[in-house]
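K.L.:
here are the coordinates; sequence isn't available:
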């Protein structure tokens, strides 16, 4: 995977997987910190003994929102930097599906396929990624989603054929 691309390269990359992140361990410490940050202390997330005894998961699992929030770190880890970019913004998600639980101690990594790129306004590029988070050793992904981002750049850097 390349580490840097230009705005003029974007259109030719649509349909390609642009990134595969490094593995991230989702341990109980991370899950507990997320529970504290979001005030979601449901036992399936923070009480290993009770989760083992009372849930079908065999122990605690990560919050779905924790799992999706890891996409930011995965993005920075593996997607190529756009040379002309001045700022990137999260525009939102479409079609988020939580497919399988991420058990405490599991390793996950993100897959990013560029599905659309279109210029909006003088200095903005909207990118759409089909993303999924793989759980090591599992058949089903943790989640699948369509992620929309906006790349801002100086309008003078906009490719002429855009």
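P.N.:
Arrived safely. In this text, all values refer to a predicted model and were calculated from it rather than measured experimentally.
K.L.:
In the chain, where is pLDDT below threshold?
P.N.:
1, 162 (pLDDT under 70).
K.L.:
Which residue would you name as the spatial centre of it?
P.N.:
Note on the chain: the residue nearest the mean C-alpha position is residue 71, at 2.1 Å, using Cα atoms, centre = their mean.
K.L.:
Would you confirm that that one contacts residue 132?
P.N.:
No. Using Cβ atoms under 8 Å, residue 71 is not in contact with residue 132; the gap is 9.9 Å. From N, CA and C alone the C-beta is placed, and that goes for glycine too.
K.L.:
And the helices in the chain?
P.N.:
Assigned by DSSP state H, the helices in the chain fall at 28-38, 43-46, 48-54, 64-78.
K.L.:
between those helices, which gets nearest to residue 13?
P.N.:
Among the helices of the chain, helix 64-78 comes nearest to residue 13, with 13.9 Å by Cβ to Cβ.
K.L.:
Output the contacting helices and strands for the closest one.
P.N.:
Judged by 3 or more Cβ pairs under 8 Å, 6 or more residues apart in numbering; DSSP states H and E, helix 64-78 is in contact with strand 17-20, strand 24-26, helix 28-38, strand 85-98, strand 106-120, strand 124-135, strand 143-153.
K.L.:
beta partners for residue 82?
P.N.:
residue 5 (DSSP bridges).
K.L.:
Looks like it contacts residue 151 (just checking).
P.N.:
Yes. Counting by Cβ under 8 Å, residue 82 does reach residue 151; the two are 5.7 Å apart.
K.L.:
Find residues that contact each of those two.
P.N.:
Jointly contacting residue 82 and residue 151 under the rule Cβ atoms under 8 Å, 6 or more residues apart in numbering are residue 125.
K.L.:
Out of the helices and strands packed on helix 64-78, which gets nearest to residue 63?
P.N.:
helix 28-38 (5.6 Å).
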